[in-house]
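Student: Attaching a predicted model along with its sequence, questions to come.
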Amino acid sequence: MRVSSYPLVDADVAASVVLEHTPVLRSERVHLVECPGRVLAEDLVASAPLPAFPSSAVDGYALRAADAGESLRVVGESAAGRPFDHPVEPGTAIRILTGGVLPSGADCVVMMEDVQLSGEVVTVPASLKAGQNFHAPGADLRAGERVLPAGAQLGAAEIGLAAALGVAELRVGRRPRVALLSTGDELVEVGKTPGRGQIPDSNRWALLAALREAGAEVRLLGIGPDEPEALRRLVVEALAEADVLVTSGGVSVGTHDLIKPLLESLGDVHVGRVKLKPGKPFTFATLRDGKIAFGLPGFPVSSLVTFEVFVRPALRKMQRHSQLQRPTLPVRLGYEARATADRTEYQRVTLTREGGELVASSTGSQSSSRLMSLAGAHALVRIPPGDRGMGKGSIAEAMILALP
Ligand code: AMP
Ligand code: MG
C-alpha cells in the first residue's frame with residue numbers, strides 16, 4: 001500500500017481552507033414561486049407602509065370615540081375591498097368588516113358583540129378608546145424599513161412578507177449546479193441484483209438528498225469506473241455544466257484510488273487528508289473557472305459526515321447565506337465517548353431533554369460503513385482529539401441535525 005503524500009490537515013483548518021476557496025455565485029431575480037429555500041442577495045426594504053391603510057381587525061362598527069355611550073345612526077358599510085368613501089359624521093357609525101378600510105373621521109372600531117342594534121341604530125359602549133380594533137398604517141412595517149437582510153433564507157413567512165409588500169420577484173443567490181459521481185467497480189445501480197462482491201451505489205442517493213436539501217441543483221453522473229481515462233472524460237464533460245464536482249469513493253491510498261490524481265491534473269488539491277473521524281481521506285480541490293471539487297470518502301457515513309462538515313457550508317456560501325454552519329448546542333454526554341488520539345471525531349447521537357438539558361446517547365457502533373449510526377441521529381457530537389476522550393456526564397458541542 002502506498003503512503004499518502006498529503007499532509008494531515010486539522011479538521012477546522014481544512015474547513016476554513018474550503019470556505020476560503022469557495023466562490024459566491026452571482027445573484028438572479030426570480031419570481032416568488034421559485035423562492036422557497038433560496039437566499040436573499042440584497043436587503044428587502046418596505047417601499048410602502050404595512051398595512052397601507054387603516055384596516056379593521058374585527059367585524060363591527062367604525063365611529064368616533066367621542067360618541068362613546070351614544071346611539072348612532074348606521075349610514076353605510078366598509079367591507080374588505082369595498083371602502084365607504086365618505087367621512088364619518090358625529091352621531092353616525094359605519095358597519096365595518098374585518099380588513100375593511102377605516103373611513104376618515106372614524107378613530108375606533110367597536111366589535112359587533114359589544115353593541116346593541118335596533119333597526120338602523122346602534123348603541124355603543126360608554127368606554128371606547130381611539131385607536132382600538134384597527135391596524136394603523138405602518139403598524140407592522142414603516143415605509144423605508146429593512147424587512148429582511150441580504151443573506152436571509154426565504155421560508156414561508158419571509159416569502160409571505162415580500163408578497164404582502166407587493167414584491168413579486170426577489171434577487172436571490174443562484175443555486176450551485178453540482179455534478180455527482182460515485183466511483184468504484186464494485187458498485188451496481190440500486191434495484192439491480194448485485195453480483196458476487198458487488199454492492200448497490202447507495203452514496204448517490206444519500207448525497208443527492210443531502211445536496212438537494214442544501215439547495216443544490218444536482219446532475220447525476222452515475223457510477224464511474226476505477227479507470228483513470230474513463231473517469232477523466234466523464235468528469236471533464238460534466239464540469240462544462242457544473243459549478244461543483246462531488247465524488248464519493250476512490251480517495252484513500254489503495255491502488256484504485258484515482259480521484260486525487262485526477263483532481264491534481266485538473267486543478268489544485270488543497271486538502272488531501274484530514275484529522276477527522278470519520279472522513280480522513282476527504283479531498284478538496286479548486287479547478288479552472290472558479291469551480292471546486294469535493295472528493296468524499298466511499299464509506300457511507302464518512303461521505304455524509306464530510307458532507308456536513310465541509311460541503312454544506314460551502315454550498316451555503318455559494319448561495320450567499322449569512323449563516324454557513326448548522327446550529328450547535330452544548331449537550332451532556334449520556335455515554336463514555338472514547339477519543340481518537342490525533343483526530344477530531346464526530347459521533348452520531350440521539351438527544352433527549354432531561355431537566356432543561358439535552359442529553360446525548362450514542363447511536364451504537366460508530367463504524368464508518370454503518371449508516372444505521374446516522375439514520376435518525378439528532379446530532380453529531382464533536383469529540384476533540386486526545387488520549388482520554390470525554391467522560392460520561394461531560395458537556396460536548398453538538399452539531400444539530402434535528403432536535404427531538
Ligand atoms: P473507497 O473510498 O473507494 O475505498 O471506498 C470505501 C468503502 O466504501 C468501500 O467499502 C466501498 O465499497 C464503499 N463505497 C464506495 N462507494 C460507495 C457507494 N457509492 N455506495 C456505497 N458504498 C460505497
Ligand atoms: Mg473505491
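Tutor: Ah, there it is. Ligands and ions are numbered 1, 2, ... in the order given.

Student: all strands of the stretch 201-350 of the chain, in order?
Tutor: Remark: strands of the stretch 201-350 of the chain, listed N- to C-terminal, are 217-224, 244-248, 267-271, 273-277, 283-287, 292-296, 328-333, 344-354; assignment by DSSP state E, counting those that start in this stretch.

Student: Any idea which of those strands gets closest to residue 138?
Tutor: Each of the strands of the stretch 201-350 of the chain was scored for nearness to residue 138 using CB to CB, and the closest is strand 328-333 (37.5 Å). Heads up, the C-betas are built off the backbone N, CA and C, glycines and all.

Student: could you give the angle of that closest one to strand 344-354?
Tutor: Interaxial angle of strand 328-333 relative to strand 344-354 (axes from the mean of the first three to the mean of the last three CA atoms, to 10 degrees): 80 degrees.

Student: Can you point out the buried residues in strand 328-333?
Tutor: Of the residues in strand 328-333, those with enough neighbours to count as buried (16 or more other CB atoms under 10 Å) are 331-333.

Student: Out of these, flag the one nearest to residue 122.
Tutor: Residue 122 lies nearest to residue 331 out of these, by CB to CB, at 60.2 Å.

Student: Quick check: residues of the stretch 101-250 of the chain near ligand 1?
Tutor: By the criterion of CB under 6 Å from any ligand atom, the positions of the stretch 101-250 of the chain lying close to ligand 1 are 182, 184, 186-187, 199, 201-204, 248-250.

Student: about what we covered before: kindly present the buried residues of strand 328-333 as TSV, with separate columns for distance to ligand 2 and pLDDT.
Tutor: Rendered in TSV, the data for the buried residues of strand 328-333 read as follows (distance: CB to the ion, whole Å; pLDDT from 0 to 100):
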residue	distance to ligand 2	pLDDT
331	34	98
332	39	98
333	34	98
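
Student: just these that are near ligand 1?
Tutor: Among these, no residue is within reach of ligand 1 (CB under 6 Å from any ligand atom).

Student: Serialize those residues to JSON lines and add fields for distance to residue 351.
Tutor: Conversion of those to JSON lines gives the following (distance: CB to CB, whole Å):
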{"residue": "331", "distance to residue 351": "6"}
{"residue": "332", "distance to residue 351": "10"}
{"residue": "333", "distance to residue 351": "11"}
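
Student: ok, so of these, who is nearest residue 383?
Tutor: When these are compared against residue 383 (criterion: CB to CB), the nearest one is residue 333, at 8.9 Å.

Student: Distance of the closest one relative to ligand 1?
Tutor: Noted for residue 333: a distance of 29 Å to ligand 1, by CB to the nearest ligand atom, to the nearest Å.

Student: The residue of the stretch 201-350 of the chain found nearest ligand 2: what's it in contact with?
Tutor: For the stretch 201-350 of the chain, the residue positioned closest to ligand 2 under CB to the ion is residue 249, at a distance of 4.0 Å. With contacts taken as CB atoms under 8 Å, 6 or more residues apart in numbering, residue 249 has the following neighbours: 182-184, 187, 203, 259, 296-298.

Student: hmm, try it at 10 Å
Tutor: Taking CB atoms under 10 Å, 6 or more residues apart in numbering, we find residue 249 in contact with 181-187, 201, 203, 223-224, 226, 256-259, 281, 295-299, 303.

Student: now residue 290
Tutor: Neighbouring residues of residue 290 by CB under 10 Å, 6+ apart: 21-25, 243.
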